[in-house]
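Participant: Quick one, fold the following:
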Amino acid sequence: MVRRLAFLFVLVSLFGPSASAGVYEGWTASRRGDFATALAEFQRLAEEGNFVAQYNLGIMYANGLGVPQDVEKAAHWFHKAAKSGDARAQYNLGNLYSQGHGVPKNLSRAAHWYGAAAEQGLADAQYNLGRLYYMGTGVQRDFVQAHVWMQLAADQGVKLAEQGLSAVVRMLKPEMVARAQEQARDWKANHAKLSAAPQ
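Facilitator: Numbers count the residues shown, from 1 in each chain. Predicted structure coming up:
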């Protein structure tokens, strides 16, 4: 359902030294199994709007680390972090909506959140979005888009995406495969330019 506990240090400095220190303290506390301290740090920062802490708090609730497992609370914190642009929170929220854990099952919402994370380059989200396009669940069936997203995920080493591509290719004419490959190349080129742009 939700991935194992993982913490993000990217962009922590955007929140200033106090927030960075709090996230780091929460992370180090969780690494040594002191979930009470981690919870206190993440809770305080999450309520102040720190999306890194919101994501980590969601992970703690999803996995029952230092708190009773509560997928509804996990979904609440993932939603807050997802709205701030955290790709992992968006992906986890997509998983929750696709399975109906902590939120009502809603494949359109799952597709929305997988799409948001996929656009940021998260390979697992790209694969899941490709699957939804392939099956026509939560989105209109589109084998070209299925190919695009599975290709992007496969290029990042997602084995299931590599396997899924062969099934998608059987559904497409050669010119449609070529169009999908071109779209995947364009996506990579555009996102390479964005990641190289000065921050």
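Participant: hey, let's count contacts and neighbours off CA atoms from now on
Facilitator: Fine.
Participant: how close does the closest residue to V67 other than its chain neighbours sit to E41?
Facilitator: Spatial nearest neighbour of V67, chain neighbours left out: Y61 (6.3 Å); criterion: CA to CA, 6 or more residues apart in numbering. Counting by CA to CA, to the nearest Å, the gap from Y61 to E41 is 14 Å.
Participant: now do A189
Facilitator: 39 Å.
Participant: For the two, indicate the residue with more neighbours.
Facilitator: A direct count of neighbours by other CA atoms under 10 Å for A189 and E41 places E41 higher, at 22 against 11.
Participant: Touching, the more buried one and A29? I think so.
Facilitator: No: contact criterion CA atoms under 8 Å: E41 and A29 do not qualify, at 9.2 Å.
Participant: which parts of the host helix or strand of F78 are buried?
Facilitator: Using DSSP states H and E, F78 falls within helix 71-83. Across helix 71-83, burial judged by 16 or more other CA atoms under 10 Å covers V71, E72, K73, A74, A75, H76, W77, F78, H79, K80, A81, A82.
Participant: helices and strands around the helix ranked longest in the chain, which ones?
Facilitator: The single longest helix within the chain, with elements called by DSSP state H, is helix 174-196. Judged by 3 or more CA pairs under 8 Å, 6 or more residues apart in numbering; DSSP states H and E, helix 174-196 is in contact with helix 143-155.
Participant: now the angle from the helix it packs on to helix 174-196?
Facilitator: Per axes from the mean of the first three to the mean of the last three CA atoms, to 10 degrees, the angle that helix 143-155 makes with helix 174-196 is 50 degrees.
Participant: just to revisit the earlier point, mind checking how far the longest helix of the chain is from the chain centre?
Facilitator: 20 Å (CA atoms, centre = their mean, to the nearest Å).
Participant: try stretch 119-132
Facilitator: Put simply, stretch 119-132 sits 8 Å off its chain's centre (CA atoms, centre = their mean).
Participant: ok, now which ones touch L172?
Facilitator: F143, V144 (CA atoms under 8 Å, 6 or more residues apart in numbering).
Participant: can you rerun that using 7 Å?
Facilitator: By CA atoms under 7 Å, 6 or more residues apart in numbering, the contact set of L172 is F143.
Participant: Next, count neighbours for the residue nearest to V67.
Facilitator: 22.
Participant: quick one: the helices in this structure?
Facilitator: Listed in chain order, the helices of the chain (DSSP H) span 16-31, 35-47, 51-63, 71-83, 87-99, 107-119, 123-135, 143-155, 159-169, 174-196.
Participant: Summarise which helices and strands the shortest one is packed against.
Facilitator: For helix 159-169, the contact count by 3 or more CA pairs under 7 Å, 6 or more residues apart in numbering; DSSP states H and E identifies helix 143-155 as packing neighbours.
Participant: Since that was my last question, I'll sign off now.
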